[in-house]
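# just a sequence and a predicted model for now, questions to come.
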2 protein chains.
Amino acid sequence: MRHDTRLSRMLHVLVHMDRHEGAATSETIAAMLGTNAVVVRRTMAGLRDQGYVRSEKGHGGGWILARPLGEITLLGIHNALGAPQLFSIGLAGDNPNCVIEQAVNASLAEAMHEAEAILLAKFGQVTLAALAEESSKRWAKPAHCSLAMEHS
Amino acid sequence: MRHDTRLSRMLHVLVHMDRHEGAATSETIAAMLGTNAVVVRRTMAGLRDQGYVRSEKGHGGGWILARPLGEITLLGIHNALGAPQLFSIGLAGDNPNCVIEQAVNASLAEAMHEAEAILLAKFGQVTLAALAEESSKRWAKPAHCSLAMEHS
DNA sequence: GATCATGCAACAACGCTAGTTGCATGATCA
DNA sequence: TGATCATGCAACTAGCGTTGTTGCATGATC
(Lines give C-alpha, C1' and ligand atoms only; values in the text may rest on other atoms or scores of the structure.)
Protein backbone atom coordinates (compact mmCIF):
# COMPACT_ATOMS: atom_id res chain seq x y z
CA MET A 1 0.00 0.00 0.00
CA ARG A 2 1.67 3.21 -1.12
CA HIS A 3 1.55 6.24 1.09
CA ASP A 4 0.80 9.84 0.51
CA THR A 5 3.77 12.08 1.25
CA ARG A 6 2.16 15.35 0.28
CA LEU A 7 1.78 16.57 3.84
CA SER A 8 5.41 15.94 4.70
CA ARG A 9 6.60 17.49 1.47
CA MET A 10 4.43 20.57 1.66
CA LEU A 11 5.45 21.29 5.25
CA HIS A 12 9.05 21.03 4.15
CA VAL A 13 8.44 23.43 1.29
CA LEU A 14 6.61 25.97 3.43
CA VAL A 15 9.45 26.26 5.93
CA HIS A 16 11.89 26.79 3.10
CA MET A 17 9.65 29.42 1.56
CA ASP A 18 9.83 31.36 4.79
CA ARG A 19 13.62 31.64 4.45
CA HIS A 20 13.44 32.31 0.76
CA GLU A 21 13.88 35.77 -0.77
CA GLY A 22 10.96 36.57 -3.05
CA ALA A 23 8.70 34.04 -4.74
CA ALA A 24 9.57 30.41 -5.39
CA THR A 25 8.43 29.14 -8.78
CA SER A 26 6.63 25.84 -9.20
CA GLU A 27 9.59 24.72 -11.28
CA THR A 28 12.06 25.38 -8.47
CA ILE A 29 9.91 23.61 -5.91
CA ALA A 30 9.37 20.70 -8.25
CA ALA A 31 13.11 20.29 -8.73
CA MET A 32 13.62 20.30 -4.97
CA LEU A 33 10.98 17.60 -4.54
CA GLY A 34 12.04 15.60 -7.55
CA THR A 35 8.66 15.97 -9.14
CA ASN A 36 6.76 17.97 -11.71
CA ALA A 37 5.74 21.64 -11.69
CA VAL A 38 2.14 20.81 -12.53
CA VAL A 39 1.93 18.47 -9.58
CA VAL A 40 3.25 21.26 -7.36
CA ARG A 41 0.59 23.65 -8.64
CA ARG A 42 -2.12 21.06 -8.09
CA THR A 43 -1.05 20.52 -4.52
CA MET A 44 -0.38 24.17 -3.69
CA ALA A 45 -3.80 25.12 -5.04
CA GLY A 46 -5.37 23.73 -1.87
CA LEU A 47 -3.07 25.78 0.34
CA ARG A 48 -3.80 28.90 -1.69
CA ASP A 49 -7.55 28.37 -1.33
CA GLN A 50 -7.11 28.22 2.44
CA GLY A 51 -5.02 31.39 2.50
CA TYR A 52 -1.70 29.84 3.47
CA VAL A 53 0.12 30.95 0.31
CA ARG A 54 -0.37 33.35 -2.57
CA SER A 55 0.58 32.77 -6.18
CA GLU A 56 1.73 35.51 -8.53
CA LYS A 57 2.14 35.43 -12.26
CA GLY A 58 4.69 36.99 -14.56
CA HIS A 59 8.31 37.97 -14.01
CA GLY A 60 9.46 37.33 -10.49
CA GLY A 61 6.24 35.49 -9.80
CA GLY A 62 5.70 32.20 -8.04
CA TRP A 63 4.58 31.15 -4.59
CA ILE A 64 4.76 33.30 -1.47
CA LEU A 65 3.85 32.54 2.12
CA ALA A 66 0.72 34.43 3.07
CA ARG A 67 0.93 33.84 6.82
CA PRO A 68 3.68 33.70 9.44
CA LEU A 69 4.88 30.20 10.26
CA GLY A 70 3.55 30.61 13.77
CA GLU A 71 0.01 30.65 12.44
CA ILE A 72 0.35 27.48 10.41
CA THR A 73 -0.21 24.11 12.05
CA LEU A 74 0.30 20.63 10.68
CA LEU A 75 -3.43 20.15 11.01
CA GLY A 76 -4.15 23.25 8.95
CA ILE A 77 -2.04 21.99 6.09
CA HIS A 78 -3.49 18.51 6.37
CA ASN A 79 -6.96 19.96 6.00
CA ALA A 80 -5.88 22.27 3.20
CA LEU A 81 -4.71 19.20 1.31
CA GLY A 82 -8.25 17.92 1.49
CA ALA A 83 -7.95 16.04 4.79
CA PRO A 84 -7.08 12.80 3.03
CA GLN A 85 -7.55 9.37 4.58
CA LEU A 86 -5.19 8.87 7.49
CA PHE A 87 -5.51 5.11 7.68
CA SER A 88 -4.73 2.59 5.02
CA ILE A 89 -6.97 -0.02 6.60
CA GLY A 90 -10.70 0.22 6.08
CA LEU A 91 -13.96 -1.46 6.93
CA ALA A 92 -15.57 -4.14 4.82
CA GLY A 93 -19.04 -3.41 3.53
CA ASP A 94 -19.95 -6.60 1.76
CA ASN A 95 -22.67 -7.78 4.13
CA PRO A 96 -24.14 -4.68 5.73
CA ASN A 97 -27.00 -6.73 7.16
CA CYS A 98 -24.73 -9.15 8.96
CA VAL A 99 -24.59 -8.40 12.66
CA ILE A 100 -21.14 -9.92 12.90
CA GLU A 101 -19.75 -7.62 10.27
CA GLN A 102 -21.40 -4.75 12.09
CA ALA A 103 -19.82 -5.73 15.39
CA VAL A 104 -16.39 -6.17 13.80
CA ASN A 105 -16.59 -2.84 12.05
CA ALA A 106 -17.88 -1.03 15.09
CA SER A 107 -14.96 -2.27 17.11
CA LEU A 108 -12.40 -1.36 14.47
CA ALA A 109 -14.00 2.02 13.89
CA GLU A 110 -13.93 2.88 17.55
CA ALA A 111 -10.24 2.15 17.84
CA MET A 112 -9.47 4.03 14.66
CA HIS A 113 -11.48 7.07 15.65
CA GLU A 114 -9.67 7.26 18.93
CA ALA A 115 -6.28 7.03 17.29
CA GLU A 116 -7.30 9.55 14.67
CA ALA A 117 -8.46 12.05 17.26
CA ILE A 118 -5.13 11.83 19.01
CA LEU A 119 -3.19 12.19 15.81
CA LEU A 120 -5.15 15.23 14.68
CA ALA A 121 -4.87 16.82 18.11
CA LYS A 122 -1.11 16.44 17.91
CA PHE A 123 -1.11 17.92 14.44
CA GLY A 124 -3.09 20.87 15.69
CA GLN A 125 -0.54 21.64 18.39
CA VAL A 126 2.52 21.85 16.19
CA THR A 127 3.21 25.04 14.25
CA LEU A 128 5.69 25.41 11.45
CA ALA A 129 7.48 28.04 13.53
CA ALA A 130 8.20 25.37 16.09
CA LEU A 131 9.56 23.08 13.40
CA ALA A 132 11.75 25.83 11.96
CA GLU A 133 13.15 26.63 15.36
CA GLU A 134 13.65 22.99 16.18
CA SER A 135 15.64 22.42 13.02
CA SER A 136 17.94 25.39 13.54
CA LYS A 137 18.38 24.60 17.22
CA ARG A 138 19.26 20.97 16.88
CA TRP A 139 21.68 21.21 14.02
CA ALA A 140 22.74 24.88 13.99
CA LYS A 141 23.49 24.56 10.31
CA PRO A 142 21.74 25.92 7.26
CA ALA A 143 19.44 23.63 5.43
CA HIS A 144 20.63 22.46 2.08
CA CYS A 145 17.98 21.69 -0.43
CA SER A 146 17.88 23.14 -3.88
CA LEU A 147 15.28 25.67 -2.79
CA ALA A 148 17.64 26.89 -0.11
CA MET A 149 20.78 27.20 -2.23
CA GLU A 150 21.37 30.77 -1.24
CA HIS A 151 21.67 29.73 2.38
CA SER A 152 24.28 27.06 1.96
CA MET B 1 -6.06 6.37 -1.57
CA ARG B 2 -7.69 2.98 -1.41
CA HIS B 3 -7.82 1.04 1.81
CA ASP B 4 -7.09 -2.47 2.82
CA THR B 5 -10.15 -4.27 4.16
CA ARG B 6 -8.51 -7.63 4.76
CA LEU B 7 -8.45 -7.26 8.52
CA SER B 8 -12.13 -6.41 8.74
CA ARG B 9 -13.07 -9.18 6.36
CA MET B 10 -10.98 -11.87 7.99
CA LEU B 11 -12.32 -11.06 11.45
CA HIS B 12 -15.79 -11.36 10.04
CA VAL B 13 -14.99 -14.71 8.49
CA LEU B 14 -13.37 -16.09 11.61
CA VAL B 15 -16.41 -15.39 13.77
CA HIS B 16 -18.61 -17.10 11.21
CA MET B 17 -16.29 -20.08 11.11
CA ASP B 18 -16.78 -20.51 14.82
CA ARG B 19 -20.52 -20.98 14.28
CA HIS B 20 -20.03 -23.13 11.24
CA GLU B 21 -20.37 -26.90 11.27
CA GLY B 22 -17.32 -28.51 9.75
CA ALA B 23 -14.90 -26.88 7.38
CA ALA B 24 -15.64 -23.88 5.20
CA THR B 25 -14.20 -24.07 1.72
CA SER B 26 -12.32 -21.20 0.12
CA GLU B 27 -15.06 -21.08 -2.47
CA THR B 28 -17.78 -20.59 0.13
CA ILE B 29 -15.83 -17.88 1.91
CA ALA B 30 -15.06 -16.17 -1.38
CA ALA B 31 -18.74 -16.09 -2.29
CA MET B 32 -19.56 -14.57 1.07
CA LEU B 33 -16.94 -11.86 0.59
CA GLY B 34 -17.72 -11.31 -3.06
CA THR B 35 -14.21 -12.23 -4.06
CA ASN B 36 -12.12 -15.07 -5.39
CA ALA B 37 -11.15 -18.37 -3.77
CA VAL B 38 -7.48 -17.87 -4.55
CA VAL B 39 -7.50 -14.51 -2.84
CA VAL B 40 -9.04 -16.20 0.20
CA ARG B 41 -6.33 -18.85 0.25
CA ARG B 42 -3.63 -16.22 -0.06
CA THR B 43 -4.99 -14.27 2.84
CA MET B 44 -5.79 -17.25 5.04
CA ALA B 45 -2.29 -18.60 4.51
CA GLY B 46 -0.96 -16.00 6.93
CA LEU B 47 -3.49 -16.99 9.58
CA ARG B 48 -2.63 -20.64 9.09
CA ASP B 49 1.08 -19.94 9.53
CA GLN B 50 0.34 -18.26 12.84
CA GLY B 51 -1.80 -21.16 14.02
CA TYR B 52 -5.16 -19.43 13.97
CA VAL B 53 -6.72 -21.77 11.42
CA ARG B 54 -6.04 -25.14 9.84
CA SER B 55 -6.65 -26.14 6.25
CA GLU B 56 -7.64 -29.62 5.14
CA LYS B 57 -7.74 -31.10 1.70
CA GLY B 58 -10.11 -33.49 0.03
CA HIS B 59 -13.76 -34.27 0.61
CA GLY B 60 -15.20 -32.25 3.43
CA GLY B 61 -12.03 -30.23 3.58
CA GLY B 62 -11.60 -26.50 3.90
CA TRP B 63 -10.76 -24.09 6.67
CA ILE B 64 -11.24 -24.75 10.37
CA LEU B 65 -10.63 -22.54 13.39
CA ALA B 66 -7.63 -23.83 15.29
CA ARG B 67 -8.14 -21.74 18.43
CA PRO B 68 -11.09 -20.60 20.51
CA LEU B 69 -12.30 -17.09 19.72
CA GLY B 70 -11.27 -15.97 23.18
CA GLU B 71 -7.63 -16.50 22.28
CA ILE B 72 -7.75 -14.45 19.11
CA THR B 73 -7.30 -10.70 19.26
CA LEU B 74 -7.63 -8.12 16.53
CA LEU B 75 -3.94 -7.45 16.96
CA GLY B 76 -3.09 -11.10 16.43
CA ILE B 77 -4.92 -11.18 13.13
CA HIS B 78 -3.45 -7.87 12.07
CA ASN B 79 0.01 -9.27 12.63
CA ALA B 80 -0.86 -12.56 10.95
CA LEU B 81 -1.82 -10.58 7.87
CA GLY B 82 1.71 -9.25 7.80
CA ALA B 83 1.17 -6.19 10.00
CA PRO B 84 0.49 -4.00 6.99
CA GLN B 85 0.90 -0.21 7.03
CA LEU B 86 -1.70 1.39 9.25
CA PHE B 87 -1.33 4.91 7.91
CA SER B 88 -1.84 6.08 4.39
CA ILE B 89 0.31 9.14 4.93
CA GLY B 90 4.06 8.78 4.87
CA LEU B 91 7.28 10.71 5.24
CA ALA B 92 9.13 12.32 2.36
CA GLY B 93 12.67 11.15 1.80
CA ASP B 94 13.80 13.35 -1.04
CA ASN B 95 16.34 15.42 0.86
CA PRO B 96 17.60 13.28 3.71
CA ASN B 97 20.37 15.80 4.41
CA CYS B 98 18.03 18.70 4.86
CA VAL B 99 17.55 19.57 8.50
CA ILE B 100 14.13 21.00 7.79
CA GLU B 101 12.90 17.79 6.24
CA GLN B 102 14.34 15.97 9.22
CA ALA B 103 12.50 18.20 11.66
CA VAL B 104 9.24 17.88 9.75
CA ASN B 105 9.50 14.13 9.54
CA ALA B 106 10.50 13.77 13.18
CA SER B 107 7.43 15.68 14.24
CA LEU B 108 5.09 13.72 11.99
CA ALA B 109 6.66 10.43 12.99
CA GLU B 110 6.27 11.15 16.69
CA ALA B 111 2.58 11.89 16.31
CA MET B 112 2.05 8.85 14.13
CA HIS B 113 3.90 6.52 16.45
CA GLU B 114 1.82 7.68 19.36
CA ALA B 115 -1.42 7.15 17.48
CA GLU B 116 -0.22 3.78 16.22
CA ALA B 117 0.68 2.61 19.70
CA ILE B 118 -2.79 3.47 20.92
CA LEU B 119 -4.46 1.78 18.01
CA LEU B 120 -2.47 -1.42 18.40
CA ALA B 121 -3.05 -1.44 22.13
CA LYS B 122 -6.78 -1.27 21.48
CA PHE B 123 -6.52 -4.06 18.95
CA GLY B 124 -4.68 -6.17 21.48
CA GLN B 125 -7.46 -5.81 24.02
CA VAL B 126 -10.33 -6.98 21.84
CA THR B 127 -10.91 -10.69 21.34
CA LEU B 128 -13.14 -12.25 18.74
CA ALA B 129 -15.13 -13.81 21.55
CA ALA B 130 -16.03 -10.34 22.73
CA LEU B 131 -17.12 -9.41 19.23
CA ALA B 132 -19.22 -12.54 18.86
CA GLU B 133 -20.91 -11.89 22.17
CA GLU B 134 -21.43 -8.25 21.35
CA SER B 135 -23.12 -9.10 18.09
CA SER B 136 -25.50 -11.65 19.61
CA LYS B 137 -26.24 -9.41 22.58
CA ARG B 138 -27.07 -6.29 20.66
CA TRP B 139 -29.21 -7.79 17.97
CA ALA B 140 -30.26 -11.14 19.40
CA LYS B 141 -30.69 -12.45 15.89
CA PRO B 142 -28.68 -14.90 13.83
CA ALA B 143 -26.22 -13.47 11.36
CA HIS B 144 -27.17 -13.85 7.76
CA CYS B 145 -24.30 -14.10 5.38
CA SER B 146 -23.93 -16.87 2.87
CA LEU B 147 -21.45 -18.62 5.12
CA ALA B 148 -24.07 -18.70 7.83
CA MET B 149 -26.99 -19.92 5.72
CA GLU B 150 -27.74 -22.83 7.96
CA HIS B 151 -28.37 -20.44 10.84
CA SER B 152 -30.82 -18.16 9.13
C1' DG C 1 5.22 42.82 -27.59
C1' DA C 2 8.42 39.29 -25.76
C1' DT C 3 9.06 36.62 -21.80
C1' DC C 4 7.90 34.44 -17.62
C1' DA C 5 4.83 32.12 -14.60
C1' DT C 6 0.44 30.31 -13.09
C1' DG C 7 -4.34 27.94 -14.31
C1' DC C 8 -6.63 24.41 -16.22
C1' DA C 9 -8.01 20.37 -18.76
C1' DA C 10 -7.11 16.23 -21.11
C1' DC C 11 -4.21 12.42 -21.80
C1' DA C 12 -0.36 8.92 -20.90
C1' DA C 13 2.43 6.18 -17.83
C1' DC C 14 3.23 3.77 -13.76
C1' DG C 15 2.67 0.89 -9.65
C1' DC C 16 -0.08 -1.79 -6.81
C1' DT C 17 -3.56 -4.92 -5.49
C1' DA C 18 -7.02 -8.05 -6.70
C1' DG C 19 -8.38 -11.37 -9.79
C1' DT C 20 -7.50 -15.29 -12.99
C1' DT C 21 -5.69 -19.46 -14.91
C1' DG C 22 -3.30 -23.76 -14.88
C1' DC C 23 -1.26 -27.45 -12.81
C1' DA C 24 0.44 -30.22 -8.81
C1' DT C 25 -0.55 -32.42 -4.34
C1' DG C 26 -3.13 -34.87 -1.21
C1' DA C 27 -7.50 -36.69 1.03
C1' DT C 28 -11.87 -38.85 0.71
C1' DC C 29 -15.30 -41.79 -1.19
C1' DA C 30 -17.41 -45.26 -4.11
C1' DT D 1 -7.97 -48.18 -7.61
C1' DG D 2 -9.79 -44.32 -9.81
C1' DA D 3 -12.91 -40.24 -9.66
C1' DT D 4 -13.73 -36.22 -7.18
C1' DC D 5 -12.92 -32.50 -4.14
C1' DA D 6 -10.11 -29.11 -2.05
C1' DT D 7 -5.85 -26.73 -1.01
C1' DG D 8 -0.95 -24.96 -2.62
C1' DC D 9 1.60 -22.44 -5.57
C1' DA D 10 3.31 -19.76 -9.41
C1' DA D 11 2.70 -16.93 -13.30
C1' DC D 12 -0.06 -13.96 -15.75
C1' DT D 13 -3.97 -10.36 -16.51
C1' DA D 14 -6.98 -6.56 -15.38
C1' DG D 15 -8.53 -2.59 -13.11
C1' DC D 16 -7.91 1.51 -10.44
C1' DG D 17 -5.86 5.62 -8.67
C1' DT D 18 -2.11 8.69 -8.52
C1' DT D 19 1.52 10.93 -10.72
C1' DG D 20 3.51 12.75 -14.64
C1' DT D 21 3.01 15.07 -19.22
C1' DT D 22 1.45 18.05 -22.82
C1' DG D 23 -0.88 21.93 -24.75
C1' DC D 24 -3.05 26.10 -24.52
C1' DA D 25 -5.06 30.20 -22.16
C1' DT D 26 -4.42 34.06 -18.92
C1' DG D 27 -2.09 37.66 -16.80
C1' DA D 28 2.10 40.31 -15.08
C1' DT D 29 6.52 42.21 -15.81
C1' DC D 30 10.29 43.99 -18.43
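Structure's in. What do you need?

# okay, CA-based contacts and neighbour counts for the rest of this
Fine.

# what's the burial count for whichever residue of chain A sits closest to DNA strand D?
Chain A approaches DNA strand D most closely through residue A:58 (3.1 Å), counting by Cα to the nearest atom of the strand. Residue A:58 has 6 neighbours, counted by other Cα atoms under 10 Å in any protein chain shown.

# check residue A:31 too.
14.

# pLDDT value on it, please?
pLDDT recorded at residue A:31 is 94.

# what of the one 4 residues further on?
Model confidence at residue A:35, expressed as pLDDT, equals 94.

# now it: how far from residue A:29?
8 Å (Cα to Cα, to the nearest Å).

# hmm, back to that, so what does the residue of chain A closest to DNA strand D have for phi and psi?
The phi/psi pair for residue A:58 (degrees, to the nearest 10) reads phi 80, psi -170.

# what's the average pLDDT for stretch A:48-67?
On average, stretch A:48-67 scores 96.

# let me fix that, I meant to ask about stretch A:10-25.
Averaging pLDDT along stretch A:10-25 yields 95.

# show me the contact partners of it.
Stretch A:10-25 is contacted from outside by A:29, A:60-65, A:69, A:74, A:77, A:128, A:132, A:147-148, B:100-101, B:104, using Cα atoms under 8 Å, 6 or more residues apart in numbering or on different chains.

# need the buried ones from these selected in ChimeraX.
Remark: buried members of the contacts of stretch A:10-25, expressed as a ChimeraX selection using 16 or more other Cα atoms under 10 Å in any protein chain shown:
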select /A:29,62,63,64,65,69,74,77,128,132,147,148 /B:100,101,104
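
# where exactly do the strands run in chain A?
A:53-56, A:62-65 (DSSP state E).

# is the last one anywhere near DNA strand D?
Think strand A:62-65. No. Residues of strand A:62-65 contacting DNA strand D under Cα under 7 Å from any atom of the strand: none, with a closest distance of 10.0 Å.

# how about the lengthiest helix in chain A and chain B, any contact?
Longest helix of chain A, by residue count under DSSP state H: helix A:99-125. Yes. Counting by Cα under 8 Å from any Cα of the partner chain, chain B is contacted by helix A:99-125 at A:99-105, A:107-108, A:111-112, A:114-116, A:118-119, A:122-123.
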